[in-house]
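Undergrad: return a 3D structure for these sequence lines:
(chains A, B, C and D)
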Number of protein chains: 2
Amino acid sequence: MGSDVTLKHIADALGVSAMTVSRALNNRSNVDEETREKVLEKAQSMGYTPNHVAKSLVSSKTYTIGVVIPEITHAFFPEVVRGIEEVTNNSDYQLFLTNTNEQFDREKNAIKTLRSKRVDGLLISSSQTEDDVSYYKSLVDSGTKVVFFDRCIEGIGASTVSVNDRESSLKITEHLINKHGYTKIAHLGGPHVSIGQKRLEGYLEALEKYDLPINDKWIIVGGFQEEAGYDAMEKLLDLPTEEFPEAVVSVNDPSAIGAVKAIEEAGLSIPDDIAIVGFTDDIRAPLLDVPLTTVHQPAYEVGKRAAQKLIRTIERDSETVENIVVPTTLKIRSSCGC
Amino acid sequence: MGSDVTLKHIADALGVSAMTVSRALNNRSNVDEETREKVLEKAQSMGYTPNHVAKSLVSSKTYTIGVVIPEITHAFFPEVVRGIEEVTNNSDYQLFLTNTNEQFDREKNAIKTLRSKRVDGLLISSSQTEDDVSYYKSLVDSGTKVVFFDRCIEGIGASTVSVNDRESSLKITEHLINKHGYTKIAHLGGPHVSIGQKRLEGYLEALEKYDLPINDKWIIVGGFQEEAGYDAMEKLLDLPTEEFPEAVVSVNDPSAIGAVKAIEEAGLSIPDDIAIVGFTDDIRAPLLDVPLTTVHQPAYEVGKRAAQKLIRTIERDSETVENIVVPTTLKIRSSCGC
DNA sequence: TAAGATAATGTTATCGCTAACATGCTACGA
DNA sequence: TCGTAGCATGTTAGCGATAACATTATCTTA
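TA: Take a look at the predicted model:
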């Protein structure tokens, strides 16, 4: 690519200065119409492609956003990316996508590289991590523009876009209690990151509200993937009859789908032997043998809002820090007993 | 970000020249060990992040790859991206992801911007387009390093990575003929791009091989999305009894899933009234009421091979142009009648 | 007609970094 | 003791584009 045409080449070919060419190509005023046309023509015929790298160096602006997601094959995230793109497409930003595979180390590495590449801002859905907020704190403190989405870190000076996790979890648990009269309800939890925590809280709040027993054995801390759900469910299935739960609230759909597999393999039937609900509204949820009752997360909307907020944060210094909440809807199917 | 620490800042703080700092940070020889340590320490404490933009300008290398895909929510592509990332993660390249939503205009736009950003190379799965190869031809001729994947443009001097579309389509059609004895087989085709074309050819070849009738009314040219499959199937369903097909070969799974919906809505049953097979092995394929027989495409592998090939092409000029074919496997489920 | 305004263009310096060459210093063999 | 090799470091220039200022040439207007 060293053979690329530069402003200088066009300038020399035309016997003018590089500055004139620059002005002509950028539609500045004070350029003779005739000159402008000659320049445009020459640029075209020489196959000129402006060098954004040089431009970025001058302006210290790259029109580039880094997107950090934990798991690209979880259908929720591609949909978020679509939402992000809808916005960036109309604002000339390009996206650096990095998939961290739920590994915090990879995430830190990715962020480091993205900062080296001088992205204008970062959209982060953080990987599962211990409560080590300090890393993100110093990232934000360093002046890097960050908007968290879905798996957010709140209270460190960055805006966030998420769904009302606690409330949604509360509602779907309430549904199990109200509509179906279950009293023994278990929770397949996620790891200790924001959404895992909040969904657990919502679940607990529902039980408390209805004075239902909370049993430590019913709360299994697992992960967000299918295997984690499968493994966690196996533990529940091992419980003695008197402690056997009637229903399960899963931290997300992949986990629920893993759990469904475990339940089926154990020869039990859903929802008669055990009911189950998820969270996400995965593309597969309606297709399961027993369609999965779940919380629909408007992924596209989350992406869109996050991107909008980030771009505003980048473009004006006065932009305030917000915790934006996108509402979910309950998707009642039949795995809950309906 | 104008407040970033630069080499110069470190140099001044240490009373040395910027060059020495550069040398120290880049592990060059001929730097006093003591100096190097002081520099490293200072860089750390000042929160120095190397400016890759400036580096790129000097070296005319960005360690950046543009990935152009037509439809990020089609599960095949996220999986490809995972494969690409597996490679780039180990080679320090970052990915610009652009989703063109099957629109050629957006694709051209994206490529233009990516070239401005001086990506080292492009991984392209081209959007549906008329046979206008000239655009891609001049792209490749301009010296841009390109590797096509999945939806490839062959014969224009760029390497390609794809599955054996024609052969796979032939095989799955043969399965319908051999195993099930169907003689009236329709095809829900994709648009006129490489994979659409090749899968059509495979289908036709199978019919010819077994001397089966080819009926123009059985070949519906549609699109790659679910709605296209639905619409196309509706046309087939309108055919009079004597022309009504016994089985349908769909260009991909989303299209097949749309078709399944149309069939179910028409009150017909699969595979008794009409059999159907797809191509992709979408995450939903095994979950349909009648699990879908299809061709499994190793998406991850496609992404990996494409990325490897591109990086080799970027890094050595002698790299040859190849058409790499990744083999598929038939995924026999029950929608074919098995 | 002189003097200032305006339009079109050119020159210089800079963004942050590094290649290439230059400099100063120590060390070592003849 | 000198000359030269080699190490550690400095200086200059340039990557491609542009901001800011400088220079023309042309045009107004009192």
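
Undergrad: C-alpha only now, for contacts and for neighbours.
TA: OK.

Undergrad: below-threshold pLDDT in chain A: ranges please.
TA: Within chain A, the set of residues satisfying pLDDT under 70 comprises A:1-3, A:128-131.

Undergrad: in it, mark out all the helices, start to finish.
TA: Under the criterion DSSP state H, chain A contains helices at A:7-14, A:18-25, A:33-46, A:52-59, A:76-89, A:104-116, A:134-141, A:165-178, A:194-209, A:226-237, A:253-265, A:299-315.

Undergrad: can I get those helices in CSV with mean neighbour count and distance to DNA strand C?
TA: Shown next, in CSV, are these (neighbours: other CA atoms under 10 Å in any protein chain shown; distance: least, CA to the nearest atom of the strand, whole Å):
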stretch, mean neighbour count, distance to DNA strand C
helix A:7-14, 17, 8
helix A:18-25, 18, 5
helix A:33-46, 15, 5
helix A:52-59, 17, 4
helix A:76-89, 22, 25
helix A:104-116, 18, 9
helix A:134-141, 14, 18
helix A:165-178, 22, 41
helix A:194-209, 20, 35
helix A:226-237, 21, 43
helix A:253-265, 23, 43
helix A:299-315, 22, 18
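
Undergrad: among the ones you listed, which is nearest B:Thr98?
TA: B:Thr98 lies closest to helix A:76-89 among the helices of chain A, at 7.8 Å (CA to CA).

Undergrad: between that closest one and helix B:104-116, how many degrees?
TA: 80 degrees (axes from the mean of the first three to the mean of the last three CA atoms, to 10 degrees).

Undergrad: quick check: the residue lying closest to A:Glu205 once chain neighbours are set aside vs A:Gly202, distance?
TA: Residue nearest to A:Glu205 in three dimensions, not counting chain neighbours: A:Leu170, with 6.5 Å by CA to CA, 6 or more residues apart in numbering or on different chains. Distance of A:Leu170 to A:Gly202, computed by CA to CA, to the nearest Å: 4 Å.

Undergrad: one more: A:Leu288?
TA: From A:Leu288 over to A:Gly202 the distance is 25 Å, taken as CA to CA.

Undergrad: what do you get for A:Lys42?
TA: To A:Gly202, A:Lys42 is 64 Å away according to CA to CA.

Undergrad: contacting residues for the nearest residue to A:Tyr203 once chain neighbours are set aside?
TA: Of all residues not flanking A:Tyr203 in the chain, A:Leu170 sits nearest, at 5.2 Å (CA to CA, 6+ apart). Listed by CA atoms under 8 Å, 6 or more residues apart in numbering or on different chains, the contact partners of A:Leu170 are A:Arg199, A:Glu201, A:Gly202, A:Tyr203, A:Leu204, A:Glu205, A:Ala206.

Undergrad: do A:Val140 as well
TA: A:Val146, A:Ile156, A:Gly157, A:Ala158.

Undergrad: 10 Å - rerun?
TA: Residues counted as contacts of A:Val140 (CA atoms under 10 Å, 6 or more residues apart in numbering or on different chains) are A:Ser134, A:Val146, A:Val147, A:Ile156, A:Gly157, A:Ala158.

Undergrad: switch those residues over to TSV; also include distance to chain B.
TA: Formatted as TSV, those follow (distance: CA to the nearest CA, whole Å):
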residue	distance to chain B
A:Ser134	15
A:Val146	13
A:Val147	16
A:Ile156	19
A:Gly157	17
A:Ala158	16
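
Undergrad: of these, which is the most crowded?
TA: Across the contacts of A:Val140, neighbour numbers were computed from other CA atoms under 10 Å in any protein chain shown; A:Val147 holds the maximum, 30 neighbours.

Undergrad: ok, A:Gly229 to DNA strand D distance?
TA: As for A:Gly229, its distance to DNA strand D is 52 Å (criterion: CA to the nearest atom of the strand, to the nearest Å).

Undergrad: an error on my part: the question was meant for A:Lys304.
TA: Per CA to the nearest atom of the strand, A:Lys304 is found 29 Å from DNA strand D.

Undergrad: which ones are touching the nearest residue to A:Leu237 once chain neighbours are set aside?
TA: Excluding the flanking residues, the one nearest A:Leu237 by CA to CA, 6+ apart is A:Phe244, at 7.3 Å. Going by CA under 10 Å, 6+ apart, A:Phe244 touches A:Lys184, A:Ile185, A:Ala186, A:Lys217, A:Trp218, A:Leu236, A:Leu237, A:Asp238, A:Asp273, A:Ile274.

Undergrad: wait, doesn't the fourth one sit right on A:Leu236?
TA: Yes. Checked against CA atoms under 10 Å, the pair A:Lys217 and A:Leu236 is within contact range at 7.7 Å.
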